[in-house]
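K.L.:
sequence and predicted structure are below.
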Amino acid sequence: MRRVLRPLNAWQQRFAFGPTRFVSTAVHGSNFESEVLQSQHAICLVYFVPDAKCQAFLDAVDREVEKVNTETGANWLKLCIINGDANRNLASAFSVQRSNLPVTFFVFAGTIVDKLTGPVQSAKIEAILHRFREYYEKESGKDLSENSILPAARTENIKDAVSTSFLRQKLLDSLVGSNAIRLPEQRGDIDGLKKIIQTSKKQAFDELHAYHKAQGLDYKRLNDQELQTVLYSTEVFVDTAVISALEVLFMAKLYGALLLHDNEKGSIERAVAEQRSQFAKAASDATVRQVMSLVELELLRGSIVRELRQLAVDGSEIDVFESEKLLDTRTPTECMTNVGRAWTGIKILAVIEAANSRDLPLTFPSKDVDSLLKMLRKLVILCKKDEAAALRLRDIRVLITAVAQVFPQDKAAESARNRLAAIVG
């Protein structure tokens, strides 16, 4: 029977394929003054009519506005649109002729700074927005570069200027939580972030080695309890463990956002193993545990999105919400290649992403977890004969464990943990 792939909803698409599009503000006579003239934002104001030419231009402007906001890490620029046919009084006030639409005004503090007439190319829009940003910074007294991801990464002597604890916190803010880098949209920040990670890691390890030497740990023979007090519980050891974990998370995020080649997953998994071996005594630290959990989720995210894209290329059509039924009708190898685990995984990963960043008032995704648990029971049997099934089982176990941790006080999450333990131990 021919099955149809159902679409993801908006917040599922955001996690699987990046943030949702920038939302424009429709302006008319009753809100023109508040949304445009009195707004604290810089305004990109587009007069249009509902035809193909204007729609194509609006799409281009939308992308450019989102791009400059993403690059600066601040929503300083707002896109406002006016239907010229429905708001003729506003069109005449700005001397806008219908034959010239689309017409774009760049406005700040009630002043028209620049103007475009007609559907110009994206490169010209980008150039004008660059000049508009310079004007905005000058008039508002704001430096938008201060909002970008780790601006200090561009300096050459950063390790001499700040403490390791400060660097650790900046990296956490840039990789974890609501202000974390969004990839691939903020790919322009990758080089700077990579540099600060390398600098931070070197500084942390240098301090750890210096501390190790100062305490005489090169020659003293201490038992585990003494080492716990002298070394493993110290700020310098934990900071180094966290920064090391954040370096792995950075690589995993690149993989999860499809910015690394498929074969790079093996290198990241080796880095995970090295981090856990080197800092086994810090594995119980809450921050280290959180970061390493996110590493696993990003690796899964990358695998899931790759599967979905491959299925799209192959033209596969399947009802992914009934995928557990396919385990009854297909061979073990075919079971492992269906999109069901991938699609359900996308939904749960989206819940984890949103909950961690406090974007949405979410509840525990019981239905999706139930679907995974049903698949898990069948995979336990299949994995005895099929290596691919064992890998799927591991992935699903990671997903259920992670999403349950996001909702520690939820009774449904506790039930899911208990059911998981009953199935796989």
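P.N.:
Everything's here; your move.
K.L.:
just the element for the residue nearest the centre of the chain, please.
P.N.:
For the chain, R182 is the residue whose C-alpha lies nearest the centre (C-alpha atoms, centre = their mean; 4.1 Å). In this assignment (DSSP states H and E), R182 forms part of neither any helix nor any strand.
K.L.:
and it, what are its phi and psi?
P.N.:
Backbone geometry at R182, expressed as degrees, to the nearest 10, gives phi -100, psi 120.
K.L.:
before we move on, what about Y47?
P.N.:
phi -90, psi 130.
K.L.:
what's near enough to touch it?
P.N.:
Y47 makes contact with 81-82, 84, 90-91, 94, 96, 101-105 under the criterion C-beta atoms under 8 Å, 6 or more residues apart in numbering. Heads up, the C-betas are built off the backbone N, CA and C, glycines and all.
K.L.:
quick one: the strands in the stretch 151-300 of the chain, in order.
P.N.:
Counting by DSSP state E, counting those that start in this stretch, the stretch 151-300 of the chain forms no strands at all.
K.L.:
could you do the stretch 1-150 of the chain as well?
P.N.:
Remark: strands assigned in the stretch 1-150 of the chain by DSSP E, counting those that start in this stretch are 25-26, 42-48, 77-83, 103-108, 111-117.
K.L.:
highest average neighbour count across those strands?
P.N.:
strand 42-48 (a mean of 24; mean count of other C-beta atoms under 10 Å).
K.L.:
chain center to that one, what's the gap?
P.N.:
Mean C-alpha position of strand 42-48 versus that of the full chain (C-alpha atoms, centre = their mean, to the nearest Å) differs by 29 Å.
K.L.:
what do you get for stretch 96-111?
P.N.:
Stretch 96-111 has its C-alpha centroid displaced from the chain centroid by 34 Å (C-alpha atoms, centre = their mean).
K.L.:
what's the end-to-end length of it?
P.N.:
End-to-end distance of stretch 96-111: 17 Å, with C-alpha to C-alpha, to the nearest Å as the criterion.
K.L.:
can you pull the contacts of the nearest residue to V113 once chain neighbours are set aside?
P.N.:
Closest residue to V113 apart from its sequence neighbours, by C-beta to C-beta, 6 or more residues apart in numbering: F106 at 4.7 Å. Going by C-beta under 8 Å, 6+ apart, F106 touches 42-45, 112-115, 128-129, 132.
K.L.:
correct me, but F94 touches L101?
P.N.:
No - F94 is beyond contact range of L101, at 11.4 Å (criterion: C-beta atoms under 8 Å).
K.L.:
which of the two has more neighbours?
P.N.:
A count of neighbours by other C-beta atoms under 10 Å puts L101 above the other of F94 and L101, at 24 against 14.
K.L.:
which ones are touching the residue nearest to L129 when sequence neighbours are not counted?
P.N.:
Nearest residue to L129, sequence neighbours excluded (C-beta to C-beta, 6+ apart): V68, at 5.3 Å. Residues near V68 by C-beta under 8 Å, 6+ apart: 77, 129, 133.
K.L.:
in stretch 246-266, what counts as buried?
P.N.:
Residues 246-258, 260, 265 are the ones in stretch 246-266 that count as buried (16 or more other C-beta atoms under 10 Å).
K.L.:
where does pLDDT dip in the stretch 201-350 of the chain?
P.N.:
308, 310-350 (pLDDT under 70).
K.L.:
span of stretch 255-269 from start to end?
P.N.:
11 Å.
K.L.:
outside of it, which residues touch it?
P.N.:
Contacts for stretch 255-269 (C-beta under 8 Å, 6+ apart): 18, 183-184, 187, 190, 248, 251-252, 254, 295, 297-299, 301-303, 305-306.
K.L.:
which of those count as buried?
P.N.:
The buried subset of those - by 16+ other C-beta under 10 Å - is 183, 190, 248, 251-252, 254, 295, 297-299, 301-303, 305-306.
K.L.:
out of those residues, what pair is the most spread apart?
P.N.:
I190 and S303 (20.8 Å; C-beta to C-beta).
K.L.:
the stretch 1-150 of the chain: helices as residue ranges?
P.N.:
In the stretch 1-150 of the chain, the helices defined using DSSP state H, counting those that start in this stretch lie at 10-17, 32, 52-72, 88-93, 122-140.
K.L.:
I misspoke; the intended subject was the stretch 251-400 of the chain.
P.N.:
265-278, 286-314, 323-326, 332-337, 340-356, 366-382, 387-406.
K.L.:
how distant is the second one from the center of its chain?
P.N.:
The one in question is helix 286-314. Here helix 286-314 is found 11 Å from its chain centre; the criterion is C-alpha atoms, centre = their mean.
K.L.:
now it and helix 265-278, what's the angle there?
P.N.:
170 degrees (axes from the mean of the first three to the mean of the last three C-alpha atoms, to 10 degrees).
K.L.:
show me what helix 286-314 is packed up against.
P.N.:
Packing partners of helix 286-314 (3 or more C-beta pairs under 8 Å, 6 or more residues apart in numbering; DSSP states H and E): helix 10-17, helix 235-256, helix 265-278, helix 340-356, helix 387-406.
K.L.:
tell me the angle of the third one relative to helix 235-256?
P.N.:
Translated: helix 265-278. Following the same axes, to 10 degrees, one obtains 170 degrees for the angle between helix 265-278 and helix 235-256.
K.L.:
could you check helix 265-278 and say which residues are buried?
P.N.:
Using 16+ other C-beta under 10 Å as the test for burial, helix 265-278 gives 265, 268, 271-272, 275-276.
K.L.:
how about R289, what does it touch?
P.N.:
A283.
K.L.:
so can I have JSON lines of the helices of the stretch 1-150 of the chain showing mean pLDDT?
P.N.:
Below are those laid out as JSON lines (pLDDT from 0 to 100):
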{"stretch": "helix 10-17", "mean pLDDT": "38"}
{"stretch": "helix 32", "mean pLDDT": "91"}
{"stretch": "helix 52-72", "mean pLDDT": "85"}
{"stretch": "helix 88-93", "mean pLDDT": "82"}
{"stretch": "helix 122-140", "mean pLDDT": "88"}
